[in-house]
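**Student:** The sequence and its predicted three-dimensional model are supplied below.
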Amino acid sequence: MADPTDQAEHHRLRGAIDRPALLTIRDIVEEMEPLATARLDDYLDPAVLEVTLDDGLCKADSARIDIRWTTRGDYAFHYTDTEGVNLRWGKHPHGGEYRRVDGLEHHHPPPDASSDPDEVQDSCITQSSEALVTRAVLKLWRVAYHTDAYKPLNAGSNPP
């Protein structure tokens, strides 16, 4: 029988939060997305970069993307909105549990950012630098925003 602690380790970001990476991401978000305001939860010792969006996807009035990036290059971009829609792009170990995911990069689809092994899928984002991943997430979000649909969120070519 598998140890539950070991299973949890397979689904965690590795390494400490990378403050310089979060600052780079913040600057890119503020430069590229006019609907966004980005701030670190704690400037000196951040755990997350909180991106507030003045509008959301489809029927949502507003949204937020919480971003974590580690010193080992693992990340999670978690979108949530006023309609209760959630989705995530991530790169971190998952213990091979996600059957439709070949590498570390994966996408938890809307509406609930499911972790069901049959629903999590390979991410269309396979770049590794914080700048390219951030630009890809923003572009995917913007395409979904303009098409008023969730399908484009993981439908880009690399890099989107």
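**Tutor:** Yes, it's here. Numbers count the residues shown, from 1 in each chain.

**Student:** Residues touching the lengthiest helix in the chain, excluding its own?
**Tutor:** The helix spanning the most residues in the chain, taking DSSP state H as the definition, is helix 130-147. Contacts of helix 130-147 from elsewhere in the structure, counted by Cβ atoms under 8 Å, 6 or more residues apart in numbering, are 18, 21, 24-25, 28-29, 32-33, 55, 57, 65, 67, 69, 75, 77, 79, 89, 91, 124-125, 127, 150-156, 158-160. Any C-beta I mention is one placed from the backbone N, CA and C, and that applies to glycine too.

**Student:** Nearest the middle, which residue of this structure would you pick?
**Tutor:** To find the centre residue of the chain, average its C-alpha atoms and take the closest one (Cα atoms, centre = their mean): that gives residue 77, at 1.8 Å.

**Student:** Test my guess that that residue contacts residue 67.
**Tutor:** Yes - under the criterion of Cβ atoms under 8 Å, residue 77 lies in contact with residue 67, with a separation of 5.3 Å.

**Student:** So which residues of the protein form helices?
**Tutor:** For the chain, the helices defined by DSSP H occupy 4-9, 19-32, 130-147.

**Student:** Of those, flag the one that's most buried.
**Tutor:** Looking across the helices of the chain with neighbours counted as mean count of other Cβ atoms under 10 Å, the highest average goes to helix 130-147: a mean of 19.

**Student:** neighbours around the residue lying closest to residue 100 once chain neighbours are set aside, how many?
**Tutor:** In space, residue 100 comes closest to residue 121 once its chain neighbours are excluded; the distance is 4.9 Å by Cβ to Cβ, 6 or more residues apart in numbering. Other residues near residue 121 number 15, with proximity taken as other Cβ atoms under 10 Å.
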